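Asks: Coordinates for the following, if possible.
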Amino acid sequence: MSRDSQAYYLYGRPAGSQSIGGMLARAVALVGGVIGFGVAVFLGAIFLAALVGFMIIVAGGVMARAWWLRRQALQQASETGDLDAEYTVVYEEEVRR
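Replies: Below is the predicted model of the structure:
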């Protein structure tokens, strides 16, 4: 395969020829790509901020629930007193070898 046929196969035109339409298309594609990338970064930042905000709200709810349950448990323990129970201490004998 010759150099000209390779260029035509790859780029759709003979080697060494650049048309105005090709340069204009490249410039428009570059500008469009930069704008598209900027929009994608902006939207990604918005979604990331929303996700972090949602996680903070959920964590606050979980912490408030844990605080409330602990408060109720401590209040119930103070009303009923300490736990009383009977127990037996078991000593293990040392094993002689």
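Asks: Going by C-alpha atoms from here, please, whenever you check contacts or count neighbours.
Replies: Noted.
Asks: quick one: low-confidence ranges for this structure?
Replies: Within the chain, the ranges that satisfy pLDDT under 70 run 1-4, 6-21, 82-84, 95-97.
Asks: residue ranges for the helices of it, please.
Replies: Taking DSSP state H to define them, one finds helices in the chain at 3-11, 20-80.
Asks: now those helices as CSV including distance to V90?
Replies: Shown next, in CSV, are these (distance: least, Cα to Cα, whole Å):
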stretch, distance to V90
helix 3-11, 87
helix 20-80, 28
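Asks: Can I get those helices in TSV including mean neighbour count?
Replies: As requested, the helices of the chain are exported to TSV (neighbours: other Cα atoms under 10 Å):
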stretch	mean neighbour count
helix 3-11	12
helix 20-80	12
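Asks: so which of those helices comes closest to E92?
Replies: Ranking these by proximity to E92 (Cα to Cα) places helix 20-80 first, at 33.6 Å.
Asks: of the helices of the chain, which approaches Y91 most closely?
Replies: Closest to Y91 of the helices of the chain, according to Cα to Cα: helix 20-80, at 31.1 Å.
Asks: For the closest one, what is the distance to the chain centroid?
Replies: 8 Å (Cα atoms, centre = their mean, to the nearest Å).
Asks: Just list what that helix packs against, helices and strands only.
Replies: Judged by 3 or more Cα pairs under 8 Å, 6 or more residues apart in numbering; DSSP states H and E, helix 20-80 is in contact with no other helix or strand.
Asks: For E86, see how far away the residue nearest the centre of the chain is.
Replies: Taking Cα atoms, centre = their mean, the centroid of the chain lies closest to L48, which sits 7.6 Å from it. Separation of L48 from E86 (Cα to Cα, to the nearest Å) stands at 56 Å.
Asks: same check, this time on G38
Replies: Counting by Cα to Cα, the gap from G38 to E86 is 71 Å.
Asks: Repeat that for A45.
Replies: As judged by Cα to Cα, A45 and E86 stand 60 Å apart.
Asks: Please state the backbone phi and psi of V90?
Replies: phi -110, psi 120 (degrees, to the nearest 10).
Asks: Okay, V58 and G22: tell me how far apart.
Replies: Distance from V58 to G22, by Cα to Cα: 53 Å.
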